[in-house]
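Visitor: With the input below, show me the fold.
(one chain, ligands or ions: 2)
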Amino acid sequence: GSSNSSGRGALVVLEGLDRSGKSSQCARLLSFLQGKGHRAEGWRFPDRGTSVGQMISAYLANESQLDDRTIHLLFSANRWEKRGLMESKLLSGTTLVVDRYSYSGVAFSAAKGLDIEWCKAPEVGLLAPDLVIYLDVQPEKAAERGGYGGERYERIEFQQKVAEHYHSLRDPTWKVVDGSLPMETVEDQLRELATDCIQECNGKPLTNLAW
Ligand code: 2DT
Ligand code: MG
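Guide: Ligands and ions are numbered 1, 2, ... in the order given. Okay, here's the model as predicted:
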């Protein structure tokens, strides 16, 4: 295959609103990379499989109530508890395709009115992505796509606020892909971005999020 036995894997993050196509595109990208012989795994946050993740899942399903700062810190803790495993996978040459990361953490909590700097603070020191792809879809368009699943946050007015915060978080290194294009077009763009990123990562050290 085309994996580098000596190189590290890439940390590739997809961000976007609910119903922006992230999960489908992550799956497509993952099978493409694996088909090309890369060692790659699909991850997602929140990771609902841990005990912290179960608390988050109950909150999202409206089965529990938590104060805004408390749930924010749980989302962050859910990334911290996975940091060590992510690092060892990346260092051993596995590329991680991750559906949501710290940017979701900040954009969703800031959309509730929490101070953005306060929201960023617990993310500092997590692994910095090598590539952030933002799937850009208008909140109105996302809402039209078969509706929302009924979890907390899946309301158009809230998603509009999240979109504004994502916008202010964007930096020039983000790759913004028009998520309203046909699925195959989006898929092609993601393939190219990820392939380039994996090549460029070879020899570059892993770094931490600093904002
Ligand atoms: P999914 O629909 O992708 O399972 O996400 N969220 C996510 C936050 O508020 N903070 C975070 O740190 C993360 C990772 C986004 C469930 C919802 O959780 C939100 C949507
Ligand atoms: Mg969702």
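Visitor: Next to ligand 1, which bits of this protein? Give me the list.
Guide: Taking C-beta under 6 Å from any ligand atom as the contact definition, the chain meets ligand 1 at 18, 45, 46, 60, 75, 100, 104, 105, 108, 153. All C-beta spots, glycine's among them, are computed from the backbone N, C-alpha and C.
Visitor: count of neighbours near the residue lying closest to the first one once chain neighbours are set aside?
Guide: This means residue 18. The shortest distance from residue 18 to any residue that is not its chain neighbour, by C-beta to C-beta, 6 or more residues apart in numbering, is 5.5 Å, and that residue is residue 154. As a burial measure, the neighbour count of residue 154 was computed by other C-beta atoms under 10 Å and equals 17.
Visitor: got it, and residue 109?
Guide: 24.
Visitor: and what of residue 53?
Guide: 19.
Visitor: How much space separates it from residue 110?
Guide: For residue 53, the distance to residue 110 (C-beta to C-beta, to the nearest Å) stands at 22 Å.
Visitor: next one: residue 50
Guide: Residue 50 sits 24 Å away from residue 110, going by C-beta to C-beta.
Visitor: When the two are compared, which one has more neighbours?
Guide: Neighbours around residue 50 and residue 110, counted as other C-beta under 10 Å, are more numerous at residue 110. The numbers are 23 against 14.
Visitor: give the contact list for that one.
Guide: If you count contacts by C-beta atoms under 8 Å, 6 or more residues apart in numbering, residue 110 has them with 116, 119, 165.
Visitor: ranking those residues by neighbours, who comes first?
Guide: Of these, residue 119 is surrounded by the most neighbours, 25 neighbours in total, counting by other C-beta under 10 Å.
Visitor: That residue: which element?
Guide: Following DSSP states H and E, the helix or strand that holds residue 119 is helix 116-120.
Visitor: just residue 158 next, same as before
Guide: Using DSSP H and E, the secondary-structure element containing residue 158 is helix 156-169.
Visitor: packing partners for that helix?
Guide: Packing contacts for helix 156-169, counted by 3 or more C-beta pairs under 8 Å, 6 or more residues apart in numbering; DSSP states H and E, involve helix 102-110, helix 139-144.
Visitor: Buried residues, the helix or strand following it. List them.
Guide: With elements assigned by DSSP H and E, the helix or strand that comes after helix 156-169 is strand 175-178. Residues of strand 175-178 classed as buried under the neighbour-count rule (16 or more other C-beta atoms under 10 Å) are 175, 177.
Visitor: Give the other helices and strands that strand 175-178 contacts.
Guide: For strand 175-178, the packing partners by 3+ C-beta pairs under 8 Å, 6+ apart come out as strand 131-136, helix 183-201.
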